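Return a 3D structure for these sequence lines:
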Amino acid sequence: MKYLVILFAASAIFFTSCESKTATTEASSFNIDSVRIQIAASNIIFGSSFGKADSAAFAALYTTDGCMSPQGMPKICGATGITAFFNEGVKAGFKNIALTTEEVLGGKEGVIETGKYEVLGEGGVSYEKGKYIVMWKEENGKWKMHRDIWNSDTTPAPAAN
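As a prediction, the model looks like this:
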């Protein structure tokens, strides 16, 4: 019986030490500051792609199964839909979308970014201001937008009677 207790205690120590090392290794491989830097770089491309009419660069910022949820519209998923939405923005005269990140939090499985946006037209004319939430997911070694939702700070006009 004494040997059974010793064997059990030794096994428990062994398995918990292995588990702790694995958890530590996984935690140390994720660096939120590195993700923030990648998000900041992506946000610059996101905004400036309108002025360049670069739909390929814009769509590449999203995961292959990425979705956006624009205010007042159904959810748009996949590169084809996201590209079509982008092209409508270019036709509407969008020249830049300035994004200001307010918060980034999460872990290896996914990161949430919250912030403010401003849609700018020719000569820096402000079309709209609002807020957004983006769920970022790592895909092929790059952090990309997986879910993207935003809404305007402007109150919609009342419905006509």
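
Just the CA trace of stretch 67-75, in PDB.
What follows is stretch 67-75, C-alpha atoms only, in PDB (Å, rounded to 0.1, in the frame of the first residue of the first chain):
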ATOM      1  CA  CYS A  67     -17.300  38.300 -42.500                       C
ATOM      2  CA  MET A  68     -18.300  41.900 -42.200                       C
ATOM      3  CA  SER A  69     -21.500  43.200 -40.700                       C
ATOM      4  CA  PRO A  70     -22.200  46.700 -42.000                       C
ATOM      5  CA  GLN A  71     -24.900  48.800 -40.300                       C
ATOM      6  CA  GLY A  72     -28.300  48.400 -42.000                       C
ATOM      7  CA  MET A  73     -27.100  45.500 -44.200                       C
ATOM      8  CA  PRO A  74     -27.000  41.700 -44.100                       C
ATOM      9  CA  LYS A  75     -23.700  40.000 -43.100                       C
END
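
Could you pull up the contacting residues of the residue positioned nearest the centre of the chain?
Residue closest to the average C-alpha location in the chain (Cα atoms, centre = their mean): W136, at 3.1 Å. Listed by Cβ atoms under 8 Å, 6 or more residues apart in numbering, the contact set of W136 reads 35, 39, 106, 110-113, 143-146. Every C-beta, even on glycine, is put in place using the N, C-alpha and C of the backbone.

Got phi/psi on V134?
Dihedral angles phi and psi of V134 (degrees, to the nearest 10) take the values phi -120, psi 130.

hang on, isn't it packed against M145?
Yes: with contact taken as Cβ atoms under 8 Å, V134 and M145 are classed as touching, separated by 5.2 Å.

ok so, going back, I'd like the secondary structure assignment at the residue nearest to the centre of the chain, please.
Under the three-state scheme (DSSP: H, G, I helix; E, B strand; the rest coil), the conformation of W136 reads as strand.
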